[in-house]
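**Q** Below are the sequence and a predicted model for it; my questions follow.
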Amino acid sequence: MLSLSAWPLTDRRRIVGVFTDIDDTLTTKSAITPDALAALAALREAGLHVIALTGRPLGWCEPFVRDWPLDAIVAESGAAALIHQGGTTHTLYQQDAATRAANTVRLQQVAARILREVPGAHIATDSTGRETDLSIDHSEVHHLDEAHIAHVLAIMRAEGLQATVSSIHINGGYGPHDKRAGARWIVRERFGRDLDAERESWAFIGDSTNDAPLFDYLPNCIGVANIRRFLAALPHPPRYITRSERGAGFAEMAQTLLAARGTMKK
């Protein structure tokens, strides 16, 4: 990985939009810090699109899509999205209602198996707002070691789930959903654009193994410094890394990007 100072000016000036993870990328100790919130606003003021991508549930994301300067939040690891426009929050899904209902029954069965077979496993505390996937806590409230995380992943995948690990949760759902698919989908739905045709014009910043699909997909990909915790498990590490961790690292990325455009506030 290279430092942000190695990010070429020509590449930064080409950027029209930024995708960002939320937990431990925008947030620090589960809350967005003033510098990260100001960085979001500065990116939007400069005319860039800003979209958050998270494994968090739709219900958890609702206040943030209203209150933060974002074009959208893609939630539940790419399966759904929230857009706030004209004072109204709209929900988009990648699966129809009948498919979601059938999958809910299957996910409940998988959850019961995990709780039965993995010592210390707990459903994530945000799960009441979750509609399309299953989330097991490993670092937010309850803690699982690497062996038990691997056991949860093995059960999810044996049950046919697409499973990933974030900095706090293990997420699994039915359908080909991940952050790369979610990014391509929301750019098409929100802006009528083809992300495949403009990969070099978008940047992504994240911190964990569930961000690997976008690290592999977008050439302008950045990890906040705390991503070092997951480097051994990342099949595709980011190209660049910030000096700072979490929200401060996001703000550092925004400053570096805006400085190249001549729009960084003094």
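**A** Thanks, I have the structure now.
**Q** Take stretch 137-151, keep the C-alpha atoms, and write them as CSV.
**A** Below are the C-alpha coordinates for stretch 137-151, written out as CSV (Å, rounded to 0.1, in the frame of the first residue of the first chain):
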residue,chain,number,x,y,z
ASP,A,137,-21.7,-9.7,16.4
HIS,A,138,-18.0,-10.4,16.7
SER,A,139,-16.6,-7.1,18.1
GLU,A,140,-19.3,-4.5,18.7
VAL,A,141,-20.9,-5.7,22.0
HIS,A,142,-19.9,-9.4,22.1
HIS,A,143,-16.6,-10.8,21.0
LEU,A,144,-15.7,-13.9,19.0
ASP,A,145,-12.1,-15.0,18.4
GLU,A,146,-10.9,-15.9,14.9
ALA,A,147,-11.7,-19.6,15.2
HIS,A,148,-15.4,-18.9,16.1
ILE,A,149,-15.6,-16.2,13.4
ALA,A,150,-14.4,-18.9,10.9
HIS,A,151,-17.0,-21.3,12.3
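**Q** and that stretch, which residues are buried?
**A** 137-140, 144, 148-149, 151 (16 or more other CB atoms under 10 Å). C-beta here means a position set from N, CA and C on the backbone, and glycine is covered the same way.
**Q** Run the chain-centre distance for the lengthiest helix in the chain.
**A** Ranked by residue count and defined by DSSP state H, the top helix of the chain is helix 97-117. Its chain's average C-alpha position is 23 Å from that of helix 97-117, according to CA atoms, centre = their mean, to the nearest Å.
**Q** Over it, what's the mean pLDDT, rounded is fine.
**A** What helix 97-117 shows for mean pLDDT is 97.
**Q** can you tell me the helix or strand for residue 244?
**A** For residue 244, there is no helix or strand it lies in under DSSP states H and E.
**Q** Over to residue 171?
**A** Counting by DSSP H and E, residue 171 is part of strand 169-173.
**Q** same deal with residue 37?
**A** helix 34-45.
**Q** Packing partners of that helix?
**A** Counting contacts by 3 or more CB pairs under 8 Å, 6 or more residues apart in numbering; DSSP states H and E, helix 34-45 packs against strand 49-53, helix 246-261.
**Q** Pick the most buried one from those.
**A** Among these, strand 49-53 has the highest mean neighbour count (mean count of other CB atoms under 10 Å), at a mean of 24.
**Q** tell me what that strand is packed against?
**A** Counting by 3+ CB pairs under 8 Å, 6+ apart, strand 49-53 packs on strand 17-20, helix 34-45, strand 72-75, helix 179-191.
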